[in-house]
Structures are given as structure tokens and as C-alpha cells.
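>>> this is the structure alone, sequence omitted:
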């Protein structure tokens, strides 16, 4: 089975990106297990958007246990809390040319993968999309933003994927400041995730609520302060920009973090808040709102 890219974690983000690659003419191999793998084999991948359904079949897919060697590019879209276990299974299946692209909501996954493999083997991706699992291999993608940033220094390796994603309807930017882009995403995502989970209201309602906007700005300011301490040059109006970003999403969109909290499923609080607080401690910064969220959801 020859492919240039594997996708590990075909949930909301992974399923969406897989469908975009298929639309763009590139057939990724989805590595999965259990009900997801069975559904992919029997019925393919289904994407629901704007009340319309599109099915992608046949899907190239394989059980991880049956994979002898990973493709040159590995799009790692599994939840951050699954990464430690996955890395143990993936390590013996890699070569010195395997390049991991981490597509998670925070820094945790990239930090973990970078510690496992030598420099130059891990690429950070920054994805904006609202997509959720309806059932295994059935993904609901909300209309609105579909944007991915990747580091331009890996353009040669990533170009086939970038071209396919662009052809598949994703706005892809190759940038020279990928870490900065991830900080900007944190300034948007973390306040929204916390307030969305608390209020049980979608992004449209959150962004229109005066008290919620005030709390959002305060959390965003804490994150911006940590970013500045880490040497990241943010836009002067980064906090205000994070609130404006909400307008690019479907007003009914929720965060994956909030959906997991509401459903009493494992969630990414540790992955979202932990790396930010660790970076804050390294610079002797106090972030009471982030610490409050961490204590509530993790400790």
C-alpha cells in the first residue's frame, strides 16, 4: 500500500482533513482501530455540512497493528491525551525520513512528539475548523472558517499535501512564524473553550454576551502576557483580534473541549492549560484565571 501521507486520528479534525485531501486528489491512508476502522472499510468516510452529506469510498485504511512502516508524512490528529500511548506504538514503525505533523489544539502534543524524535522530525500545524464526530467515520463540519497554517521551511516535503488541501477547499498558509500562529490560536481557543464549557452556549451567544466578552478578554490577556515573556511578538491588538475571530465561525459552533466536558468524556484540559501554565512558571508569571480553569478540570 503506497501513500505519501498517513492520518492517525480520524475524528473531527482528522476526518475533515482526510475528506479535503480526497477532494483535492490525494488519497491518505487512515490508520484506525475498532468501530472506526470497521465503518471506514464498510461504508467509507461521511462528511455532513450545510445539511448535505458526502461520502468518500473506498477509503484507504489500515489497522495500526498491521502497519509495518509509516508513510513519509504522518498527520497526527489524535487527541493529545492519546499521544503518549501512540508514540510508543509509532516509534518502531518510523524511519529517519518520517515527518510528523501535529494538529492539536495546544502545545502539548507537539512538545511530546518533539521529545520523542530528533530535531527536524516534527512539524507544528495550526488548524481552525469547527468539526465534530456524529458517529465513527461520520463527521459534521460547520460552515465558516477552514484554515491551516504550516511552516514554510518544510515546503518541499509538504507541497503535495498543501496543494491537495487547497484544491479540497482548505485555506492553507505556509508561514515563517508557526509558533507565533499557535500562540494566536491559544489566545482565541482557550478563552472560548473555558467560557463555552461554563455557559453551555455556542460561540455566537458567547461573543454577544458582555460579561462573557469581558472574561474572554481577561483570559486572553493572561495568555498574551505569557507569549510576550516567551519572546513571541504578537499583534498589538491580539486580544481584540481573538474576539473578532469568533465572527468567522458558525454561530452555533461549540468547542470540542466543551462537548467532551458536557458528555463526561476524557478531555484536553491538561493539554490546553498545562503547557501554558508551565511556560508561565518558567517566567515567574501568575495566571489566576488559567490556574482556576486548570484546578477545576484537572486537579
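That came in fine, so what should we check first? In this text, all values refer to a predicted model and were calculated from it rather than measured experimentally.

>>> surely residue 186 is in contact with residue 223?
Yes. Here residue 186 reaches residue 223: they are 5.4 Å apart, a contact under CB atoms under 8 Å. Where you see a C-beta, it was placed from the backbone N, CA and C, and this is true even at glycine.

>>> which residues in the stretch 1-150 of the chain form strands?
5-8, 29-32, 45-49, 52-56, 61-63, 73-76, 99-102, 122-124, 126-128, 131-135, 138-141, 147-151 (DSSP state E, counting those that start in this stretch).

>>> just checking, residue 129 touches residue 140?
No. Checked against CB under 8 Å, the pair residue 129 and residue 140 is beyond contact range at 11.3 Å.

>>> where in this protein is pLDDT low?
Applying pLDDT under 70 to the chain flags the ranges 1-2.

>>> give me the common contacts of residue 186 and residue 223.
residue 276 (CB atoms under 8 Å, 6 or more residues apart in numbering).

>>> pick out whichever of these two has more residues nearby.
More crowded of residue 186 and residue 223, by other CB atoms under 10 Å: residue 223, with 28 against 25.

>>> just to revisit the earlier point, and the strands of the stretch 1-150 of the chain: which comes nearest residue 255?
Comparing those by their distance to residue 255 (CB to CB), the top pick is strand 131-135, with 9.8 Å.

>>> from the contact counts, what lies against the closest one?
If you count contacts as 3 or more CB pairs under 8 Å, 6 or more residues apart in numbering; DSSP states H and E, strand 131-135 packs onto helix 12-23, strand 138-141.

>>> list the strands paired with the last one, with their directions.
Based on DSSP bridges, the strands next to strand 138-141 in the sheet, each with its direction, are strand 45-49 (parallel), strand 131-135 (antiparallel).

>>> who's in contact with the last one?
Just to be clear, that refers to strand 131-135. Strand 131-135 has contacts (CB under 8 Å, 6+ apart) with 11-13, 15-16, 39, 48, 139-142, 254, 256, 259.

>>> mind listing what's buried in it?
Applying a neighbour-count criterion of 16 or more other CB atoms under 10 Å, one finds 131-133 buried in strand 131-135.

>>> quick one, it and helix 12-23 angle?
On the basis of axes from the mean of the first three to the mean of the last three CA atoms, to 10 degrees, strand 131-135 is oriented at 90 degrees to helix 12-23.

>>> which residue ranges of the stretch 151-299 of the chain form helices?
Taking DSSP state H, counting those that start in this stretch, the helices of the stretch 151-299 of the chain run over residues 155-167, 178-199, 203-208, 210-229, 238-245, 256-262, 269-282, 288-297.

>>> out of these, which one sits most buried?
Among the helices of the stretch 151-299 of the chain, the stretch with the highest mean neighbour count (mean count of other CB atoms under 10 Å) is helix 178-199, at a mean of 23.

>>> how far out from the middle of the chain is that one?
11 Å (CA atoms, centre = their mean, to the nearest Å).

>>> just stretch 121-137 next, same as before
Chain-centre distance of stretch 121-137: 4 Å, with CA atoms, centre = their mean.
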